[in-house]
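Asker: Requesting a structural model of the entry that follows:
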Amino acid sequence: MFCYSYIFIGHTLPMAADVTTTEQNFDIETDSSDGRIRGTLDITHSAITITIPRTEPLHDLLTVKDRLQRWALITIASYGFVQGLGLDVEITKETGVSRPRHIFVNTNAEVQRATKPEEDLAQYWNLTAQPDSRPLRLALTHYMRALREPEEAMMFCYRALEAICHDPNFYISDKEMKQNWKALRKPLNVDKAYLDPLTERATDHRHGGQMIPSREEYTAALKTTHHVIERYAAYLNNGNLPPDKFPQLAVSEFPANMS
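Answerer: Residues are numbered from 1 along each chain as shown. Sure thing, here's the model as predicted:
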């Protein structure tokens, strides 16, 4: 007998596309303590409703939400493929069991800033508004995708760093990508060992693999990328980075047991 009924709510993007599909049953596995997840997916006029009846409570709503969002995206991708539409999905809240309702905003406390948000925004907005800051704009948008899509985080974190590699100050050529990375590391004072665990993990995804990072790997990838973007922004603002204020990033954010 089911004691709990979790209801995850979301929508397709853009909502104006007005997507409707037949209700589907699903049975998927999570890497969390919640194991198999069974339920139904309904998409009516772009509103997504996922219902999960359970005999036991869910313990890791964020991981379950990530898996459900990925599964809904695959369903929408099939619809978009047939219709010739570029669509996306977003799961925003759980309203069935959570009181008050659980709102999903992908954040990571370990990379959140302690300074005032408006001060950071002013710095990054002024930079991204400059014509020569396209690599920073790309890095920031890829980083946002990494925050929003944990299962694809390795790939998006790598793309963020690769965008910085294409800054004219670092870029040599596509045939010399190793030299591009080397040219980036020196002015930003970043050791190769700091980036290697991320770039190695991203290779599988970039080549079509389906590696799903653990929550710890996800956090480590975000911290690595956050610190490099932060240094790149300081470099754009000030030129050379003084070593006393920007000591070398050498110790990987990925613990040894994840290497």
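
Asker: hey, C-alpha coordinates of stretch 163-174 in PDB?
Answerer: C-alpha atoms of stretch 163-174 as PDB (Å, rounded to 0.1, in the frame of the first residue of the first chain):
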ATOM      1  CA  ALA A 163      36.000  28.800 -23.800                       C
ATOM      2  CA  ILE A 164      38.600  30.600 -21.800                       C
ATOM      3  CA  CYS A 165      41.300  28.800 -23.700                       C
ATOM      4  CA  HIS A 166      40.000  30.600 -26.800                       C
ATOM      5  CA  ASP A 167      40.800  34.000 -25.400                       C
ATOM      6  CA  PRO A 168      43.100  35.600 -27.900                       C
ATOM      7  CA  ASN A 169      45.800  35.900 -25.200                       C
ATOM      8  CA  PHE A 170      45.900  32.200 -24.800                       C
ATOM      9  CA  TYR A 171      44.700  30.700 -28.100                       C
ATOM     10  CA  ILE A 172      47.300  29.300 -30.500                       C
ATOM     11  CA  SER A 173      45.200  26.900 -32.700                       C
ATOM     12  CA  ASP A 174      42.800  24.100 -32.600                       C
END
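
Asker: and stretch 218-227, average pLDDT?
Answerer: For stretch 218-227, the mean pLDDT works out to 92.

Asker: actually stretch 43-50, not the one I wrote
Answerer: Stretch 43-50 comes out at a mean pLDDT of 96.

Asker: Can you pull the poorly scored residue ranges out of the stretch 101-250 of the chain?
Answerer: 108-119, 174, 207 (pLDDT under 70).

Asker: separation between residue 25 and residue 71?
Answerer: Look at residue 25 and residue 71: by CB to CB, to the nearest Å, they are 12 Å apart. All C-beta spots, glycine's among them, are computed from the backbone N, C-alpha and C.

Asker: same thing with residue 53?
Answerer: Distance from residue 53 to residue 71, by CB to CB: 17 Å.

Asker: One more: residue 20?
Answerer: Residue 20 is 18 Å from residue 71, by CB to CB.

Asker: Give me the more crowded residue out of those two.
Answerer: With neighbours defined as other CB atoms under 10 Å, residue 20 and residue 71 compare such that residue 71 has more, 18 against 12.

Asker: so who does the more buried one touch?
Answerer: Residues in contact with residue 71 (CB atoms under 8 Å, 6 or more residues apart in numbering) are 26, 28, 41.

Asker: Provide the contact partners of the one helix or strand residue 53 maps to at residue level.
Answerer: Following DSSP states H and E, one finds residue 53 within strand 47-54. The contact list for strand 47-54 (CB under 8 Å, 6+ apart) reads 2-12, 37-43, 58, 64, 68, 72, 89, 91, 96.

Asker: Listing partners with orientation, what would you give for that strand?
Answerer: Next to strand 47-54 in the sheet, as set by DSSP bridges, lie strand 4-13 (antiparallel), strand 36-44 (antiparallel).

Asker: how far is the last one from where the chain is centred?
Answerer: Taking CA atoms, centre = their mean, to the nearest Å, one finds the center of strand 36-44 at 23 Å from the center of the full chain.

Asker: coming back round to it: pick the most buried one from the strands paired with strand 47-54.
Answerer: For those, the largest average neighbour count (mean count of other CB atoms under 10 Å) is found in strand 4-13, namely a mean of 19.
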